[in-house]
Each structure stands twice: as structure tokens, then as C-alpha cells.
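model the following, please.
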Amino acid sequence: EFALKTLDAAGVPVKIPQVTGENNFASDCTSGKICVIMWAPHILDSSAKERNKLLETYGTIAKTMRGTPVTFVWSEAQAQLELESALEVNNNYPALSILSAAKSVYATQRESWNYKNAKKFLDGIISGTGKKSKLSGDLPKISSVKMWDGKDGELPQEEEFSLEDLGL
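Here you go, the predicted model:
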């Protein structure tokens, strides 16, 4: 308890890695731990400032759970489609899912995203009062994705075409 208070007093943040592939997902989420996954809106649907604010709130939640057997990771919307489908995220971003790979159970937050609702959701699941679901089958394949560079998203450059090319 003293060590945790010292970490908080020193302002040491909780490590919250992005899910970028099978290796980090396995080490952070499947090795006998309870894993909380935050699903952040795609960077083209938000901004770096908004995402950083979201990650900061998520970090604050993670700090309140220091000393518990819970790890925290995050993923960009649509980056891990099979996992999102298995955890029934349903294109609702931002959202939280909690997963126990060892027990093949999960829960996904259905309330709107804010600190209070997210904390209430996690506390309910950890205490055993929240509703959990059984995974149907094995954990899905985790896709390899590029790590977020911390910048705003940029639309892909498309080739310009002339209306004459369309016969107009």
C-alpha cells in the first residue's frame, strides 16, 4: 500500500500499451490476468488532443486499480475487428471491455463513456456483481497494426481526376 501511494505521489503513470499485435496482447491480456481494453475512436473520427484526453481519463481509472491483478491496454476502433466482434463492442466508441482469457469470460460497457460510468462498470465486474458473458470459442486472432504516432490522422491522398475522364 505504501509503495502504491508513493507511486501516485510521484505522479508515475500506469503503463497502458496499445494493442499492436499478438505478442503484446498475449503478454498483457492472456497470461492469467484480467485485462481491461479501452476502445478509442479512430483517429480520423477524433483528434490527437481528444485521444490524449481520453487516454488520460483511462489512465486515471487505471491508477485507482493499482495493486489489483488487472492490466490495461487500448486499441483503436476497427483495428482488432475479430476481438471487437467476440467482445460485442458493436461499434460503440469509446468503450471498455474486460476480459479474463483464462476463464473465457468478458463484459463490455453499455453505458455512455465518462469516468464515473467506466469506474462503476469496472468495479461491478471486479466485485462480481456485474453481468459477464462466456466467449463462444477461442480468443480471436489479433491483427498486427502500426502503433499510433501521437499525431492527428491524415486522410489518404487520392488521385484527382477530371470530370472529362467521366465523360461529363
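
ok, and the closest non-adjacent residue to Ile16?
The spatially closest residue to Ile16, leaving aside those adjacent along the chain, is Phe72, at 4.7 Å (C-beta to C-beta, 6 or more residues apart in numbering). C-beta coordinates here come from the backbone N, C-alpha and C atoms, glycine included.

what mean pLDDT does the helix or strand containing that neighbour have?
Using DSSP states H and E, Phe72 sits in strand 70-76. Average pLDDT, strand 70-76: 94.

picking that back up, the residue nearest to Ile16 is in contact with Val14, isn't it?
Yes - under the criterion of C-beta atoms under 8 Å, Phe72 makes contact with Val14 at 6.3 Å.

returning to what we had before: what does the strand holding Phe72 rub up against?
For strand 70-76, the external contacting residues (C-beta atoms under 8 Å, 6 or more residues apart in numbering) are 14-19, 24-25, 28-29, 33-43, 55, 58, 61-62, 65, 83, 126, 145, 148.

how about a cut-off of 7 Å?
Here strand 70-76 makes contact (C-beta atoms under 7 Å, 6 or more residues apart in numbering) with 14, 16-19, 28-29, 33-40, 42-43, 55, 58, 62, 148.

just to revisit the earlier point, just give me the neighbour total for the residue nearest to Ile16.
Residues lying near Phe72 (other C-beta atoms under 10 Å) number 22.

at the geometric centre of the chain, which residue do we find?
Nearest to the mean C-alpha position of the chain, counting by C-alpha atoms, centre = their mean, stands Met38 at 2.2 Å.

surely that one is in contact with Pro94?
Yes - Met38 is within contact range of Pro94, at 6.4 Å (criterion: C-beta atoms under 7 Å).

find the nearest non-adjacent residue to the residue nearest to the centre of the chain, please.
Excluding the flanking residues, the one nearest Met38 by C-beta to C-beta, 6+ apart is Trp74, at 4.2 Å.

before we move on, what about Leu83?
Excluding the flanking residues, the one nearest Leu83 by C-beta to C-beta, 6+ apart is Pro140, at 5.2 Å.

show me what contacts the one you found?
Counted by C-beta under 7 Å, 6+ apart, Pro140 has contacts Glu82, Leu83, Ala86.
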